[in-house]
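> With the input below, show me the fold.
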Amino acid sequence: MKKIKKKFIWKINLNSEIDRARFFTFLAFVGIITILAWQSDDAYHGYVMAKHFVEGDGFVYNIGERSSASSCPLFTLVIAAAYFVTREMFFTSLIVCIAFSAAAYLILVYKFCKTKEQILMSFFALTGSTAFVSYTTSGLENSMLFFLSALFLKLYFDHDRFTGKQMLQLALVFSAIALTRMDAVLMFIPVIVYVYLAKREKTSFFNAVWIGLAGLLPFILWELFSLFYFGFPFPNTAYVKLGTDIALIEYMKRGVWYGIFTLLNDLLVILIPAIFMAVTVFMKKVKYLYLSAGLLLYVFYIIYIGGDFMMGRHFTVIFLISVCGLNVLFNKENEDFVKIRKCQMLYFLFVIIGMVYTHTFASVIGSQYLFGHEIGSSISDEREVYQRTTGLYNNVRSLITKGDLCIRDTWNYQSTDEVRELGLIGNITDNSPGILVYYNSDLYLNDTYGLGDPFLSKLPAIKDENWRVGHMKRKLPEGYRETIQFGENVIENQDLAEYYDVIHFITRGDLFDKERIRAIIDWNLGKYDYLIDNYAASLSE
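Okay, the predicted model is just below:
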């Protein structure tokens, strides 16, 4: 026991400046993200599913209807596992997020930072980014992506050539990333291709293909399960984003605007990835160029999808990857030391400039006068909007002074009170946010955004001037609200009534019914698309 204790103390003991820097910056990092911890309303779409799953009501958004409102199934299942132990969601989910973010920081400072200067610059870069700090918690999947990305990079930079076992490890982490957020794999595809095609060690191409498929097996199995259980290969939120009929050029304009908005509010989260990509081109190192190619691919993807309504969120993972990559490039054992030193000094200078700008001028230039932080704006700092009721500090204070969490005060409960008073089965409201649904999860609740509604999400979106990516309302068909309220299909449009019956059968019918399986196949082959086309044509008449 004494030997084990001594060994443990030696590991965290502070024998050197580097060890001290790692230990104390880690404590400071965890302290900062804990003090500033908060939760996004959108996180509660997944939390509702986690809660229902643990309580035996299925992996569903509304009880009795198999629909996924979570775009991050692996993270949602981790939350469910933690909730199973504690049966409390607010503090439990924040602990999970903090743990993932802290683990990512540990990998960064212990595996990629070799000097005290690197550790300090990494600490200041990460804590100097408003967006990164915001999404170390938030309840969204970013924290898990931080950890998995750092783990992937560790495996990638540990080797120059890869054995079959090492290739399998990379593929498994790649699969976990896909399960956490499917589109996040774009950042790692060039690296995976590079390793499997050019950096194999004693592994034939044929065997490499099988190793890759074995590594992707968790993701493949999830997709098959999703198709069978929900009836669709993608989460409901994906169909909400796809069915908008907005021109690609408009999405791309919004994506560019999203980047500009983020830059004005948080210089570091944009600047450091740009520096990393520029340095890799300057150094002409193939291993880093493939990593940069993945980041650039993801930037183009962000522009392609119109960015996001949450300031900086989609840039935070490429930001962390860039910080890790720069530290590996700047290690002393790297050749071209003169070039490295010049780039390192420039990087340190930009970190300082970025911190000063973000925490002084950005609040005035980027937010207060140009955009504001109203909840209805197309892009906003979501933490600033929600932290009053979802921030950890405010909820602890509310629990001490009032005996309850103030997160419950985020939304007005009048709409749900009316449903109960009228004795309705459920309701479709103009706005049923995740937190509202979570605290009324015994009711069937959806809104015209359709994030948890397997029927509405497939209908054409209504475009308004201030549209938000992923949050575009659908026109409520005549009779649909009454259909949900009373449980009988009274939709007036005959094409939609038939389409609703198909969706209803897929999401509520017997899982193993052969006719249901046939309906799932037919829907995914597009055999019911004509019903939506007929409805869309009727709207334009």
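> Point me to the helix or strand that includes the residue lying closest to T136 once chain neighbours are set aside.
Sequence neighbours aside, S101 is the residue nearest to T136 in space, at 3.8 Å (criterion: CB to CB, 6 or more residues apart in numbering). C-betas here are computed from N, CA, C, even on glycine. Element membership for S101 (DSSP states H and E) is helix 90-107.
> where do the strands sit along this structure?
426-429, 444-447 (DSSP state E).
> got the ones you listed as TSV, with mean neighbour count and mean pLDDT columns?
TSV is the format used below for those (neighbours: other CB atoms under 10 Å; pLDDT from 0 to 100):
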stretch	mean neighbour count	mean pLDDT
strand 426-429	21	89
strand 444-447	24	91
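> N236: which of these is closest?
Nearest of the strands of the chain to N236, taken as CB to CB: strand 444-447 at 10.0 Å.
> chain center to that closest one, what's the gap?
Relative to the chain's own centre, strand 444-447 is displaced by 23 Å; criterion: CA atoms, centre = their mean, to the nearest Å.
> same deal with stretch 119-136?
18 Å.
> Averaged pLDDT, that stretch. What do you get?
Averaging pLDDT along stretch 119-136 gives 94.
> dump the residue contacts of the most centrally placed residue in the chain.
What sits nearest the mean C-alpha location of the chain, by CA atoms, centre = their mean, is E141, with 3.8 Å. Residues near E141 by CB atoms under 8 Å, 6 or more residues apart in numbering: 71-72, 75, 180-181.
> Let me know the closest of the residues you listed to G312.
R181 (15.8 Å).
> hang on, the closest one packs against L145?
Yes: contact criterion CB atoms under 8 Å: R181 and L145 qualify, at 6.2 Å.
> More neighbours: which of the two?
Comparing R181 with L145 by other CB atoms under 10 Å, the one with more neighbours is L145, at 25 against 21.
> Check what pLDDT the more buried one gets.
Reported pLDDT for L145: 98.
> Go through stretch 381-397 and flag the buried ones.
Neighbour counts over stretch 381-397 (16 or more other CB atoms under 10 Å) mark 381-387, 389-392, 394-395 as buried.
> start to end distance for stretch 446-464?
20 Å (CA to CA, to the nearest Å).
> ok, back up a step: which neighbouring elements make contact with the helix holding S101?
In terms of contacts (3 or more CB pairs under 8 Å, 6 or more residues apart in numbering; DSSP states H and E), helix 90-107 is packed against helix 17-35, helix 73-86, helix 130-136, helix 142-157.
> and the shortest one, what other elements does it pack with?
This points to helix 130-136. Applying 3+ CB pairs under 8 Å, 6+ apart, one finds that helix 130-136 contacts helix 17-35, helix 90-107, helix 116-128, helix 142-157, helix 248-265, helix 267-283, helix 316-329.
> How many residues are close by the nearest residue to C113 once chain neighbours are set aside?
Nearest residue to C113, sequence neighbours excluded (CB to CB, 6+ apart): I119, at 4.6 Å. Around I119 sit 26 other residues, with neighbours defined as other CB under 10 Å.
> quick revisit: separation between the residue nearest to the centre of the chain and S441?
Counting by CB to CB, to the nearest Å, the gap from E141 to S441 is 21 Å.
> same question, V419
Using CB to CB, which is the criterion applied here, V419 is 13 Å from S441.
> what sits in contact with each of the two?
Joint contacts of V419 and S441 (CB under 8 Å, 6+ apart) do not exist.
> Out of the helices and strands in the chain, which is least certain?
helix 2-12 (a mean of 44; mean pLDDT, DSSP states H and E).
> circling back: and the helices and strands packed on helix 90-107: which comes nearest V502?
Judging these by CB to CB, what sits closest to V502 is helix 73-86, at 24.0 Å.
> C-alpha coordinates for that closest one, CSV please?
The C-alpha trace of helix 73-86 is given here as CSV (Å, rounded to 0.1, in the frame of the first residue of the first chain):
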residue,chain,number,x,y,z
PRO,A,73,-26.5,9.2,-29.6
LEU,A,74,-23.3,8.1,-27.9
PHE,A,75,-23.2,11.2,-25.7
THR,A,76,-26.9,10.8,-24.9
LEU,A,77,-26.3,7.2,-23.8
VAL,A,78,-23.4,8.3,-21.6
ILE,A,79,-25.7,10.8,-20.0
ALA,A,80,-28.3,8.1,-19.6
ALA,A,81,-25.7,5.8,-17.8
ALA,A,82,-24.8,8.6,-15.4
TYR,A,83,-28.5,9.5,-14.8
PHE,A,84,-29.1,5.8,-14.1
VAL,A,85,-26.7,6.1,-11.1
THR,A,86,-27.8,9.4,-9.7
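> what packs against that helix?
So helix 73-86, by 3+ CB pairs under 8 Å, 6+ apart, packs with helix 43-54, helix 90-107, helix 142-157, helix 164-180.
> Could you give the number of residues near F124?
17.
> on that earlier part again, could you dump the strands of the chain into TSV and include distance to Y500?
TSV is the format used below for the strands of the chain (distance: least, CB to CB, whole Å):
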stretch	distance to Y500
strand 426-429	12
strand 444-447	13
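> Of all those, which one is nearest A50?
Closest among those, once you apply CB to CB, is strand 444-447, at 16.7 Å.
> Can you give the contact residues for the closest one?
Outside strand 444-447, the residues that touch it by CB under 8 Å, 6+ apart are 62-65, 416, 419, 425-433, 436-437, 452-453, 456, 484.
> Then stretch 487-504?
Taking CB under 8 Å, 6+ apart as the rule, stretch 487-504 contacts 425, 454-455, 458-459, 477-480, 482-483, 519, 523, 528, 531-532, 534-535, 538.
> could you redo the last one with a cut-off of 6 Å?
425, 454-455, 477-480, 482-483, 519, 528, 531, 534-535 (CB atoms under 6 Å, 6 or more residues apart in numbering).
> So what's the gap between that stretch and the chain middle?
33 Å.
> Stretch 68-80 now?
Distance, centroid of stretch 68-80 to centroid of chain: 10 Å (CA atoms, centre = their mean).
> same check, this time on stretch 30-38
Computed by CA atoms, centre = their mean, the chain-centroid distance of stretch 30-38 equals 19 Å.
> quick one on the thing from earlier: what pLDDT, on average, does the helix holding S101 get?
On average, helix 90-107 scores 98.
> Check stretch 164-180 too.
Averaged across stretch 164-180, pLDDT comes to 97.
> Okay, now the unreliable bits of the stretch 251-400 of the chain?
Filtered on pLDDT under 70, the stretch 251-400 of the chain yields the residue ranges 332-343, 357, 359-377.
> The same query, at a cut-off of 90, please.
Low-confidence segments of the stretch 251-400 of the chain (pLDDT under 90): 261, 264-265, 279, 282-285, 309, 329-385, 387.
> what is the rounded mean pLDDT of stretch 21-34?
In this model, stretch 21-34 has an average pLDDT of 96.
> buried ones in it?
21-23, 25-26, 29-30, 33-34.
> do the same with stretch 248-262
251-252, 254-255, 258-259, 261-262.
> Check stretch 470-483 too.
470-474, 476-477, 479-483.
> From those residues, which land in helices?
Using DSSP state H, the members of these that fall in helices are 480-483.
> Dump those into TSV; add pLDDT and distance to F315 as well.
What follows is those, written out as TSV (pLDDT from 0 to 100; distance: CB to CB, whole Å):
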residue	pLDDT	distance to F315
Y480	95	38
R481	93	39
E482	94	44
T483	94	41
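> Let's see the pLDDT reported for L221.
Note for L221: predicted pLDDT of 97.
> now swap in the one 5 residues further on and tell me
Here the pLDDT value assigned to S226 is 97.
> Nearest residue to it in space, please, no chain neighbours.
Nearest to S226 is P233, by CB to CB, 6+ apart, at 5.8 Å.
> Check Y301 too.
L186 (5.4 Å).
> Quick one: residues contacting that neighbour.
Counting by CB under 6 Å, 6+ apart, the residues that L186 touches are 297-298, 301.
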